[in-house]
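**Q** Provided below for reference: sequence and predicted model.
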Amino acid sequence: RGVGSGQIGSFMPVRTKLERLTMELQLVTSQRNELRDRLIFVTEGTMDNRYPLFQTPGHKLKLEHKEIMSELKMLVPGGWGGRRRLAGPYYAACVSSGLHSRLLMEQTQLKKKVDMLRQENKKLMEDWVLLKHHLKDLKVICKDQEKETSDLQTQQQQVGAGRWLEQATAQGESPMQREALQQEPPAEPRSQQPLKSGDEVSSSDLVSIVE
């Protein structure tokens, strides 16, 4: 849930106090660092090892403060500009409200995507059923065409054979008759017996002559 104006007003003193303490801490830290650098320069002549020698509670507090403030700048929305210092329940409420809004937005987007995918799936299923029906019709058409082609080839073969027989008949003889005539040997001529002289020709002789 969002944070009401009353709650924001109640946290204003806390924010003001935090800013004041931050400024005081920065001032004290700056003065301490200046004095520390002078002391190191006077005693050792160098400032390279100043951090290991001066790990005071104030220095640790400053480091922790910097880490917290950098995290706040990363988490606070852009409208805040990273300048307002948030703390306590107000900060937790802002973060919770932002996360809740973000989750609701992502949930809405996911719901829209799911609805779109369902519509696409429904359309694909309808197209698949239609294609299946067309495929069945095409199979029937192909089967009928194959049958018609086979019948036409058979009819053409029969017509060709009939024409060939008609041509052979028109020529006067069939190929089988031609082949039989070619294979049959020629008949041998019979020798004619000479006629007997005079009138002495018998009936048997006449029959043989006639034959």
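**A** Yep, that arrived.

**Q** Longest helix in the chain, please.
**A** Identified as the longest helix of the chain according to DSSP state H is helix 88-170.

**Q** Could you tell me the average pLDDT over it, please?
**A** Averaging pLDDT along helix 88-170 gives 81.

**Q** How about stretch 33-51?
**A** Averaged across stretch 33-51, pLDDT comes to 61.

**Q** Now do His133: how many residues are near it, please.
**A** His133 has 10 neighbouring residues, counting by other C-beta atoms under 10 Å. For every residue, glycine as well, the C-beta is placed using N, CA and C.

**Q** Equivalent analysis for Val114, please.
**A** Using other C-beta under 10 Å, Val114 has 10 other residues around it.

**Q** How much space separates it from Glu106?
**A** 13 Å (C-beta to C-beta, to the nearest Å).

**Q** before we move on, back to that, packing partners for the longest helix of the chain?
**A** Packing partners of helix 88-170 (3 or more C-beta pairs under 8 Å, 6 or more residues apart in numbering; DSSP states H and E): helix 5-43.

**Q** try 6 Å this time
**A** Here helix 88-170 touches no other helix or strand, going by 3 or more C-beta pairs under 6 Å, 6 or more residues apart in numbering; DSSP states H and E.

**Q** shift numbering so it begins at 45
**A** Sure, I'll start counting at 45 from here, so that last one is helix 132-214.

**Q** Break this structure down into its structural domains.
**A** 49-130, 155-211 (automatic domain parsing).

**Q** Any buried residues in stretch 64-81, and which?
**A** Within stretch 64-81, the residues scored as buried using 16 or more other C-beta atoms under 10 Å are Arg80.

**Q** With stretch 199-218 instead?
**A** For stretch 199-218, a neighbour-count test (16+ other C-beta under 10 Å) marks nothing as buried.

**Q** Let's see the pLDDT reported for Gly102.
**A** 59.

**Q** for the one 10 residues further on, same thing?
**A** Turning to Ile112, the model gives it a pLDDT of 66.

**Q** Gln70 now?
**A** pLDDT for Gln70: 80.

**Q** From Glu63, how far off is it?
**A** Taking C-beta to C-beta, one finds Gln70 at 11 Å from Glu63.

**Q** Neighbours of Gln163, how many?
**A** 10.

**Q** how far away is it from Gln151?
**A** 19 Å.

**Q** Met169 too?
**A** The gap separating Met169 from Gln151 is 27 Å, by C-beta to C-beta.

**Q** and what of Ser194?
**A** To Gln151, Ser194 is 64 Å away according to C-beta to C-beta.

**Q** How about Thr66?
**A** The spacing between Thr66 and Gln151, counted by C-beta to C-beta, is 38 Å.

**Q** Identify all contacting residues around stretch 155-165.
**A** Stretch 155-165 is contacted from outside by no residue at all, using C-beta atoms under 6 Å, 6 or more residues apart in numbering.

**Q** How about it, which residues are buried there?
**A** Within stretch 155-165, judged by 16+ other C-beta under 10 Å, no residue is buried.
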